[in-house]
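Participant: fold the following for me, if possible:
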Amino acid sequence: MRIFRLIVVLCATLVVASCGSSKFKRYNGPEVTSVQIHKTDRKMYLLHDGKVLKQYDVALGFAPAGHKQVEGDGKTPEGTYTISHKNPNSEFHLSLRINYPNDQDRAYAKSIGKPPGGDIFIHGGPRNKVYQRDWTAGCIAVSDKQIEVIYSMIKPGTPIHILP
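Facilitator: Numbering: from 1, shown residues only. Got it, this is the predicted structure:
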């Protein structure tokens with residue numbers, strides 16, 4: 001009887017241990033049909049047909065005012081883009097790539113002889129760094145716990161409107 005109890009306790013312990021918190025959440029609610037970023041207010045809204053499903057405070061590029069024009073300017077783009085893909089192995093926990101630069105962004109940068117930059121993502125917080133208001137190179141950042149939920153809700157192809 002003691003061995004049976006020991007086996008039950010060990011099995012229960014293994015089950016509990018294997019149920020550890022995964023960064024990959026499941027979402028079964030309404031589809032996110034668009035994302036809005038309001039840069040001045042530092043807010044992100046996940047919407048379904050115009051209705052806000054979730055909202056988050058965000059951090060932006062280290063020089064957030066204005067539209068991103070060239071690599072290294074520290075600005076977060078403005079305009080309408082799409083989420084091109086999910087990155088489960090992000091340096092910043094999880095991330096969703098925004099398809100910046102578009103043709104207009106590339107053409108403008110070319111006209112002034114500079115690269116437009118790229119690799120713009122919605123991602124989690126910095127690892128082993130103190131969080132500050134606007135710290136990214138042009139991305140949109142939330143906490144790791146928040147990106148887990150956002151990542152579960154947004155599908156590639158979702159439009160994202162980044163407003164001043």
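
Participant: run through the strands of the protein in chain order.
Facilitator: When secondary structure is read from DSSP state E, the chain shows strands at 34-38, 43-48, 51-57, 79-87, 95-98, 120-123, 140-141, 159-163.

Participant: got the angle for the first one vs strand 51-57?
Facilitator: Relative orientation of strand 34-38 versus strand 51-57 (axes from the mean of the first three to the mean of the last three CA atoms, to 10 degrees): 40 degrees.

Participant: name every strand pairing with strand 34-38 and say which way it goes.
Facilitator: Here strand 34-38 is paired, per DSSP bridges, with strand 43-48 (antiparallel), strand 159-163 (parallel).

Participant: isn't residue 68 up against residue 140?
Facilitator: No - counting by CB atoms under 8 Å, residue 68 does not reach residue 140; the two are 11.5 Å apart. No exception for glycine: its C-beta is placed from N, CA and C like everyone else's.

Participant: between the two, what contacts are shared?
Facilitator: 76, 120 (CB atoms under 8 Å, 6 or more residues apart in numbering).

Participant: tell me the centre residue of the protein?
Facilitator: Among the residues of the chain, the one closest to the centroid is residue 122, at 2.5 Å (CA atoms, centre = their mean).

Participant: ok, now which ones touch that one?
Facilitator: The neighbourhood of residue 122, defined by CB under 8 Å, 6+ apart, consists of 35, 44, 83, 95-96, 98, 139-142, 147, 150, 154, 160.

Participant: tell me where the model's unsure across the protein.
Facilitator: Counting by pLDDT under 70, the chain contains low-confidence ranges at 1-21, 127-132.

Participant: what's the spacing between residue 142 and residue 152?
Facilitator: To residue 152, residue 142 is 13 Å away according to CB to CB, to the nearest Å.

Participant: these two: which has the busier surroundings?
Facilitator: More neighbours surround residue 142 than the other of residue 142 and residue 152, with 21 against 18 (other CB atoms under 10 Å).

Participant: you'd agree the more buried one is up against residue 149?
Facilitator: No - under the criterion of CB under 8 Å, residue 142 is not in contact with residue 149, lying 9.1 Å apart.

Participant: that older thread, mind putting the strands of the chain into a markdown table with distance to residue 105?
Facilitator: Shown next, in a markdown table, are these (distance: least, CB to CB, whole Å):
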| stretch | distance to residue 105 |
| --- | --- |
| strand 34-38 | 16 |
| strand 43-48 | 21 |
| strand 51-57 | 25 |
| strand 79-87 | 8 |
| strand 95-98 | 11 |
| strand 120-123 | 10 |
| strand 140-141 | 16 |
| strand 159-163 | 12 |
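
Participant: much appreciated, bye for now.
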